[in-house]
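[1] requesting a structural model of the entry that follows:
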Amino acid sequence: MAANKLTVTELKRLISIAVQEKRTLRRNDGEGLYFCAESSGKGHWEFRYKKPSDGRDTYMRLGAYPSTSLSKAREEKIRFRDYLNKGIDPQLAKNGAALNNKISLEITFTEFARVFIEANPLEWKEETLKQKSQIITNHISSRIGCVTVKEITSGLLLDSLKDITSKHMANKSFVLIRNILAYAEVLGLPLCSISFDQLQKYFKKPKSKHFAAVNPDELRSLIQHFVESNTSPIIFCLFLWQLHLLLRPKNAATSQWRYIDLEARVIVFPKVKTDENFAIPLSTSVMKLLSYLSQYKLNDQYIFPSQTGADHASPGSVGNAIRSLGYKGVMTSHGTRSVGSTKLYDELISSEVVEACLSHIDKNLIRSAYYRERFLSQRVAVMQLWSDFIDDELRAAVKELAGRELPLLEIVNEILSQEIEIFV
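    This is a model prediction of the structure:
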């Protein structure tokens, strides 16, 4: 729709009609700016937009007419659209301006970062806020924390962030600083002119790398090395759990007993990268593993407790164990998923079913949810096929190690011989 449709003459005409017809008339000036002519003979401006947090339609009043002129309303519209482009809700920006007098113009970056985290203008979830706070504490504050917000320059950011060895963390830090300073601008704090678009080229998000993984026919050897090692039983079981269910390390380590639906024989993980729950079928092999673990339950909440038993095992535990076996650069914790996907593709399983098993997030979230729901019955058979393969490799591995006094050898045999029982 064309922008700037209205004229001062048109505004007066609309008010006249509204009074005559005793109703409110609303006309679009373009790009979300609306003029509302009231039956009382007054008028006001509205800015209509979609909230960045959830995409819902909303609006805000910009001021009464004629005290807020047509040209002034258009200036306000441009300013608020700029906030939207930065992912900031204009309503928060408008309300935030009233906070200016409560924030010192000499506030340091670390101090203002706390204001940003507490205000949470981008409406991040609690876990995300925690991660952002850690980035501020561990990577940003030591570099620019004591500098006042108004003194931060492009050159300072370039010099401060370029020595972060991890390109991934440098990018995360850069984006977070950009968000924080955008909020400072919203609140009316004076800022240097920072060329974020130019700086972006120095802190690009690194391309995703494939996680190192062995081939399916090398899984038996990996299992043998595990069984021969001094890996703790709980971490070895976590490895099997992650392998059977094709889980990401964090989801595997933080699995909870309450997620398990025994009647449906599924485990339901809440919010796996999306706001949707995700159910994974439990194969007979996984049920045996759970039956074994239930006998030695050290924590009523987490299936895989930490050494103290108070929390869950570290998501990096399996990866550390794999590296200690001499697989650095050859196999990773996340690589268990690659082993599974390779095997399933070798079995000519359809790509849609394989992706659903891996809980990959399709760019089309509706289609992604459809795949997971539509292919649930097929995933039951596929996950059983995958578990059967793992068990075959387990049996072959322990057969070659039979007769040796190895703690994990006894555990594998006990798991494989488990009777599936109802457990709590």
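[2] which stretches of the protein form strands?
    25-30, 33-37, 43-50, 57-65, 260-261, 266-269, 278-281 (DSSP state E).
[3] packing partners for the fourth one?
    Read it as strand 57-65. strand 33-37, strand 43-50, helix 70-85, helix 90-96 (3 or more Cβ pairs under 8 Å, 6 or more residues apart in numbering; DSSP states H and E). Any C-beta I mention is one placed from the backbone N, CA and C, and that applies to glycine too.
[4] now with 10 Å?
    Secondary-structure packing of strand 57-65 (3 or more Cβ pairs under 10 Å, 6 or more residues apart in numbering; DSSP states H and E): helix 8-21, strand 33-37, strand 43-50, helix 70-85, helix 90-96.
[5] dump the ones you listed to JSON lines, plus mean pLDDT.
    Formatted as JSON lines, the helices and strands packed on strand 57-65 follow (pLDDT from 0 to 100):
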{"stretch": "helix 8-21", "mean pLDDT": "92"}
{"stretch": "strand 33-37", "mean pLDDT": "93"}
{"stretch": "strand 43-50", "mean pLDDT": "91"}
{"stretch": "helix 70-85", "mean pLDDT": "88"}
{"stretch": "helix 90-96", "mean pLDDT": "66"}
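[6] just the ones you listed: most buried one?
    strand 33-37 (a mean of 22; mean count of other Cβ atoms under 10 Å).
[7] okay, the angle between it and strand 57-65?
    60 degrees (axes from the mean of the first three to the mean of the last three Cα atoms, to 10 degrees).
[8] pairing partners for strand 33-37, with directions?
    If you go by DSSP bridges, strand 33-37 pairs up with strand 25-30 (antiparallel), strand 43-50 (antiparallel).
[9] need the contact list for the residue nearest to Ser53 when sequence neighbours are not counted.
    Excluding the flanking residues, the one nearest Ser53 by Cβ to Cβ, 6 or more residues apart in numbering is Glu123, at 4.2 Å. For Glu123, the contacting residues are 51-54, 87, 89, 92, 129, by Cβ atoms under 10 Å, 6 or more residues apart in numbering.
[10] any stretches of this structure with poor pLDDT?
    Counting by pLDDT under 70, the ranges of the chain that qualify are 1-4, 92-102, 207-210, 271-277, 360-375, 421-424.
[11] Thr165: which of the helices and strands packed on strand 57-65 is closest?
    Each of the helices and strands packed on strand 57-65 has some distance to Thr165 by Cβ to Cβ; the shortest is helix 70-85, at 31.7 Å.
[12] same for the closest one, what does it pack against?
    Using 3+ Cβ pairs under 10 Å, 6+ apart, helix 70-85 sits against helix 8-21, strand 25-30, strand 33-37, strand 43-50, strand 57-65, helix 90-96, helix 167-186.
[13] from the contact counts, what lies against the longest one?
    Secondary-structure packing of helix 167-186 (3+ Cβ pairs under 10 Å, 6+ apart): helix 70-85, helix 90-96, helix 109-119, helix 126-135, helix 141-144, helix 154-161, helix 196-199.
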